[in-house]
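*Asks:* sequence and predicted structure, then a few things I'm wondering about:
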Amino acid sequence: MSTAPAALIDTLNSLLDAERTSLFRFMGEGYPYLNRATVEVRRPLQEMVRTIDDRVDRLANLIDSLGGVADSSPRGIDREEQYLAFLSLKFLLPKLLDAKKMLIERYENAIKALPANKEGAAEAKSLLTSLLDEHRAQLNTLTEAALRVAGKQ
């Protein structure tokens, strides 16, 4: 088992936490406003929610393979987030867009901060670039959904 620099493990754990705690967790099967959305909006959003676990697993596996420990401590719901489940999809979509943009920014910053020529850096850059591309594609999908829900398309 290799031992990657602590800064790399910390960066990966930070992204892992961001994935696990994103607003998208509110968009699960039981989210009432998603169930009432049109299929053109509902299907891509449900697919986005399904991709969270895969990204979490991929980040956790990389952390483990680099000799780190993936942070899996549970996190509760912030006071500001507790009411999101009761909001309309029209209101929630802009918040999801902002959350996706923030995740993209975190991935971009993490990639820039990766230590050059350090153990695990190339593997981490490859995974983070792949996950960043996924987030960017999802941002486009979210933008389209927000336009549909707002009645502009």
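*Replies:* Looks like it arrived, so ask away.

*Asks:* name the single longest helix found in the protein.
*Replies:* Counting by DSSP state H, the longest helix found in the chain is helix 121-149.

*Asks:* list the buried residues in it.
*Replies:* For helix 121-149, burial by neighbour count (16 or more other C-beta atoms under 10 Å) applies to 121, 124, 127-128, 131-132, 135, 138-139, 141-142, 145-146, 148-149. In short, each C-beta sits where N, CA and C put it, glycine included.

*Asks:* relative to V69, which of those residues is nearest.
*Replies:* Nearest to V69 among the buried residues of helix 121-149, counting by C-beta to C-beta, is A124 at 15.6 Å.

*Asks:* who are the contact partners of the closest one?
*Replies:* The contact partners of A124, taken as C-beta atoms under 8 Å, 6 or more residues apart in numbering, are A4, L8, T11, L12, L62, L66, L114.

*Asks:* mind checking which of those are in helices?
*Replies:* Among these, the members falling in helices (DSSP H) are L8, T11, L12, L62.

*Asks:* and for Q46, the neighbour number?
*Replies:* Counted by other C-beta atoms under 10 Å, the residues lying close to Q46 total 16.

*Asks:* please report how far it lies from S65.
*Replies:* Distance from Q46 to S65, counting by C-beta to C-beta, to the nearest Å: 30 Å.

*Asks:* helix or strand for E19, which one?
*Replies:* According to DSSP states H and E, E19 maps onto helix 6-20.

*Asks:* for that helix, packing partners?
*Replies:* Packing partners of helix 6-20 (3 or more C-beta pairs under 8 Å, 6 or more residues apart in numbering; DSSP states H and E): helix 39-65, helix 89-113, helix 121-149.

*Asks:* could I get those helices as JSON lines with distance to A18 and mean pLDDT?
*Replies:* Below are the helices and strands packed on helix 6-20 laid out as JSON lines (distance: least, C-beta to C-beta, whole Å; pLDDT from 0 to 100):
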{"stretch": "helix 39-65", "distance to A18": "10", "mean pLDDT": "90"}
{"stretch": "helix 89-113", "distance to A18": "6", "mean pLDDT": "92"}
{"stretch": "helix 121-149", "distance to A18": "10", "mean pLDDT": "94"}
